[in-house]
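Participant: Here is a sequence together with a model predicted from it:
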Amino acid sequence: MSHSGSCLCGAVTYTIKSTVTQTRACHCGMCRKWCGGVYLGVEVAPDQMEIKGTENMTVFASSPWAERAFCTTCGSNIYSGITMSGPHFGTRYVSLGGLDDTRGIELVGEIYIDKKPDGYSFANDTDKMTEAEIMAIYAPTAPV
Ligand SMILES: [Zn+2]
Ligand SMILES: [Zn+2]
C-alpha cells in the first residue's frame, strides 16, 4: 500500500511507496521551532519516496547530520532526513501531517522526551528515548 501527501499549497506532492503504520513524535527544540510544536514523523527508507515539485522545495541543512525539506511557497514541512553517512543515511521522517490519509497510523514512540515542554504530554503508551539515546544511534560522532 502506498501513501500520497503534499504541502499545504500543493506545489510539492509525493508518494510513499511502502506501507506506513507507525509515527513517532520528536520533542526536540529544533522541531519545535521548525513546525511550531511536536513533530510527528513517519519513517521512510531512502528509495521509498517519490517527490514531484522538488523545484518548489527548499532543503535546509539543520545540523551536521540532518536536513529538513519544506515548501518554499507555503512553508509546510515535508521531511527531516539523515545526511550523515552510516546505516541511517537517506532515511527520511516524513511529516505525518502532510499525508492525505492518516487513518490507522499509530503513535508508538517519542524521542527527545527529555526536551519535551512540561505543559503537555501524550496519553499514548509510547516507547520513549532521550536526546543522548538518539545521538548514540544517529550521530555517534557528531558534536552535541
Ligand atoms: Zn506548498
Ligand atoms: Zn526533533
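Facilitator: Alright, I've got the coordinates. Residues are numbered from 1 along each chain as shown. Ligands and ions are numbered 1, 2, ... in the order given.
Participant: Name the SS class of the residue lying closest to Val59 once chain neighbours are set aside, please.
Facilitator: Closest residue to Val59 apart from its sequence neighbours, by C-beta to C-beta, 6 or more residues apart in numbering: Ala69 at 4.7 Å. Heads up, the C-betas are built off the backbone N, CA and C, glycines and all. The assignment at Ala69 comes out as strand when based on DSSP: H, G, I helix; E, B strand; the rest coil.
Participant: Quickly list what Ala69 is bridged to.
Facilitator: Beta-bridge pairing of Ala69 under DSSP bridges involves Val59, Tyr79.
Participant: what about it, how many neighbours?
Facilitator: Ala69 has 23 neighbours, counted by other C-beta atoms under 10 Å.
Participant: show me the contacts for it.
Facilitator: Met57, Thr58, Val59, Phe60, Asn77, Ile78, Tyr79, Ser80, Gly81 (C-beta atoms under 8 Å, 6 or more residues apart in numbering).
Participant: Disregarding flanking residues, what is the spatial nearest neighbour of the residue nearest in space to the middle of the chain?
Facilitator: When C-alpha atoms, centre = their mean is applied to the chain, the residue found nearest the centroid is Tyr93 (3.1 Å). Setting aside the residues directly before and after it, Tyr93 is nearest to Gly41 in space (C-beta to C-beta, 6+ apart), at 3.1 Å.
Participant: Just read off the phi/psi values of that neighbour.
Facilitator: Main-chain dihedrals, Gly41, degrees, to the nearest 10: phi -120, psi 150.
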